[in-house]
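**Q** I'll drop the sequence and a predicted model, then ask my questions.
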Amino acid sequence: MNIHFSKYQGTGNDFVIIDNRDGVISLSNEQIAFLCDRRFGVGSDGLMILGTADGYDFKMTYYNADGTEGTMCGNGGRCLVQFAHDNGIVKEHYSFIAIDGPHEATIQKNGWVHLKMSDVSAVEIGSDFFVTDTGSPHYVKMVSAIETHAVYNEGKAIRYNDRFAKEGINVNFVEHQADHLFVRTYERGVENETYSCGTGVTASAIISCLQKEGEHDIQIQTLGGKLAVSFNNQGGGHFNNIWLKGPGTFVYKASIHLK
């Protein structure tokens, strides 16, 4: 069968997106993994399906590059909002449902998509790390000299250690630089460092203000570009009104034959 798809990227985090509002497309995990393969398929960090859901503008279903269904993807969510807009769902304010619950979004005049993330209700404080869930589970560690940090080796070791190996966890390394954070992420499902991770920079921004209650707007640098995260720290590890802000950029559209 021929599959029509679009390619989008959010600060270098790239996705295959398929419009399945008519419900006729059903892909196996092997087919999804093939589409995401950078040598034999299209190539991407993940694949998203645009579907329908009662009471919402659309439904987001996200798959990891290995073909397994994933948890929430922040960069993917922004790209899917832009894709929905580009394919006829034109709104001033979007409401959609994902695996972690409902989300809101707007498209700004500067082209950035602002995506409301799920509230955070707990942060684990470890010896030199933090663990929280921003729609996907994240391990956050503050480091220095992040440009030369061994993100792949250390991230993989943490993701596959005795505690996290079964379910997996995304591992973020964060450095304070002047007026922003520089964040690099090893992502489960991709099993490599990606150019950017939306839920990862959200977790990193929250951790950077763990002891500072009130409203915050944090600027983020990733390998793939700039993002921003705003939120309210209610204290006690509780955060709400969390917004991930950044581009969701169309790359190209095409079709591919799947066996």
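**A** Noted; the coordinates are in hand. Numbering: from 1, shown residues only.
**Q** Looks to me like residue 84 is in a helix.
**A** Yes - judged by DSSP: H, G, I helix; E, B strand; the rest coil, residue 84 forms part of a helix.
**Q** Surely it touches residue 50?
**A** Yes - the pair residue 84 and residue 50 qualifies as a contact (CB atoms under 8 Å) at a distance of 6.2 Å. Glycine gets a C-beta too; all of them are placed from N, C-alpha and C.
**Q** any shared contact partners between those two?
**A** residue 58 (CB atoms under 8 Å, 6 or more residues apart in numbering).
**Q** Please say which of those two ends up with more neighbours.
**A** For residue 84 versus residue 50, neighbours defined as other CB atoms under 10 Å are more numerous around residue 84 (24 against 21).
**Q** Which residue is the nearest non-sequential neighbour of the more buried one?
**A** In this structure, residue 84 finds its nearest non-sequential neighbour in residue 58, 5.4 Å apart by CB to CB, 6 or more residues apart in numbering.
**Q** give me every residue that touches that neighbour.
**A** Taking CB under 8 Å, 6+ apart, we find residue 58 in contact with 21, 50-52, 80, 84, 89, 94, 96.
**Q** repeat that with 7 Å
**A** Contacts for residue 58 (CB atoms under 7 Å, 6 or more residues apart in numbering) come out as 50-52, 84, 89, 96.
**Q** Now, these that are in strands?
**A** Cross-referencing the contacts of residue 58 against strands under DSSP state E gives 50-51, 96.
**Q** Any idea how many residues pack against residue 99?
**A** Quick note: residue 99 (other CB under 10 Å) scores 15 neighbours.
**Q** For the nearest residue to residue 122 once chain neighbours are set aside, report the pLDDT, please.
**A** Distance criterion CB to CB, 6+ apart; nearest residue to residue 122, sequence neighbours excluded, is residue 237 at 5.1 Å. pLDDT, residue 237: 93.
**Q** same deal with residue 89?
**A** Looking at residue 89, the pLDDT reads 98.
**Q** where's the nearest residue to it once chain neighbours are set aside relative to residue 246, distance?
**A** Nearest non-adjacent residue to residue 89, counting by CB to CB, 6+ apart: residue 57, 5.7 Å away. Separation of residue 57 from residue 246 (CB to CB, to the nearest Å): 20 Å.
**Q** Which one of the two is surrounded by more residues?
**A** Taking neighbours as other CB under 10 Å, residue 57 and residue 246 compare with residue 246 leading, 28 against 18.
**Q** just the helices in the protein please.
**A** For the chain, the helices defined by DSSP state H occupy 29-36, 74-86, 151-159, 198-208.
**Q** Distance to residue 9 and mean pLDDT for these - can I get that in JSON lines?
**A** Below are the helices of the chain laid out as JSON lines (distance: least, CB to CB, whole Å; pLDDT from 0 to 100):
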{"stretch": "helix 29-36", "distance to residue 9": "13", "mean pLDDT": "97"}
{"stretch": "helix 74-86", "distance to residue 9": "7", "mean pLDDT": "98"}
{"stretch": "helix 151-159", "distance to residue 9": "20", "mean pLDDT": "98"}
{"stretch": "helix 198-208", "distance to residue 9": "12", "mean pLDDT": "98"}
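**Q** Deepest-packed of the ones you listed, please.
**A** Mean neighbour count (mean count of other CB atoms under 10 Å) peaks for helix 198-208 among those, with a mean of 28.
**Q** That one - contacts with which helices or strands?
**A** helix 74-86, strand 130-133, strand 137-142, strand 170-177, strand 180-187, strand 214-222, strand 225-235, strand 238-247 (3 or more CB pairs under 7 Å, 6 or more residues apart in numbering; DSSP states H and E).
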